[in-house]
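>>> coords please:
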Amino acid sequence: MNNSKLITRGILDSLGVVVYVFLVSLIISNGERIFGSGDNKIIGPTTFLLFFVFSALLTGFLILGKPVMLYLDGAKKEGVKLLFYTGVSLFVLLAISMVILLLLK
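Predicted coordinates for the structure are as follows:
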C-alpha cells in the first residue's frame, strides 16, 4: 500500500470509531427514555458491561485490525504507518470535537 492509501484508510478507520462512539453516546444519554427505568439489578449492569466489551472489540478492530494484518503479512512498515495515521487522525478528530465543545459552552 502506498502512503496515500494508508492515510485514507487511517482516516476512514478513525471516522468509523468517531461515528460509533457518537451513536453509543446517543444511546447512553437517552437510555432511560429508550429502555425505561427498570428495577432490574442484574440485567441492566450485565447488558451495559456486554455493550462495553463489544465496544472495545469493535473499536479495537477498527484501529488495530488492518495494521496487525499488514504487520503479520510481512508489511511491517506499512502496518506501523497505518496505525500511526489512524492514531493521528483520531487525535485530530478528538481535537476538533474538543474545540466544538468549547465553542458551544
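
>>> Which SSE is immediately downstream of the lowest-mean-pLDDT helix or strand in the chain?
One helix or strand of the chain scores below all others by mean pLDDT, DSSP states H and E: helix 31-35, with a mean of 76. Using DSSP states H and E, the helix or strand that follows helix 31-35 in sequence is helix 43-72.

>>> What is the helix or strand following that next one packed up against?
Sequence-wise, the next helix or strand downstream of helix 43-72 (DSSP H and E) is helix 76-104. Under the contact definition 3 or more Cβ pairs under 8 Å, 6 or more residues apart in numbering; DSSP states H and E, helix 76-104 sits against helix 3-29, helix 43-72. Using the backbone N, CA and C atoms, a C-beta is placed for each residue, glycine as well.

>>> Check which residues of the longest one are buried.
By 16 or more other Cβ atoms under 10 Å, the buried positions in helix 43-72 come out as 59, 62-64, 66-67, 70-71.

>>> Distance of the residue positioned nearest the centre of the chain relative to N2?
Against the mean C-alpha coordinate of the chain, by Cα atoms, centre = their mean, the closest residue is V17 at 2.7 Å. Noted for V17: a distance of 23 Å to N2, by Cβ to Cβ, to the nearest Å.

>>> try L62
As judged by Cβ to Cβ, L62 and N2 stand 21 Å apart.

>>> Could you do I43 as well?
Distance from I43 to N2, by Cβ to Cβ: 49 Å.

>>> how about low-confidence regions in this protein?
Scanning the chain for pLDDT under 70 picks out the ranges 38-39.

>>> cutoff 90 now
For the chain, the stretches with pLDDT under 90 are 1, 27-48, 105.

>>> Spatially nearest residue to L83, not counting backbone neighbours?
Spatially, and ignoring its direct neighbours in sequence, L83 is nearest to P67 (4.0 Å; Cβ to Cβ, 6 or more residues apart in numbering).

>>> The one you found contacts Y85, correct?
No. The criterion here is Cβ atoms under 8 Å, and P67 misses it with Y85 at 9.3 Å.
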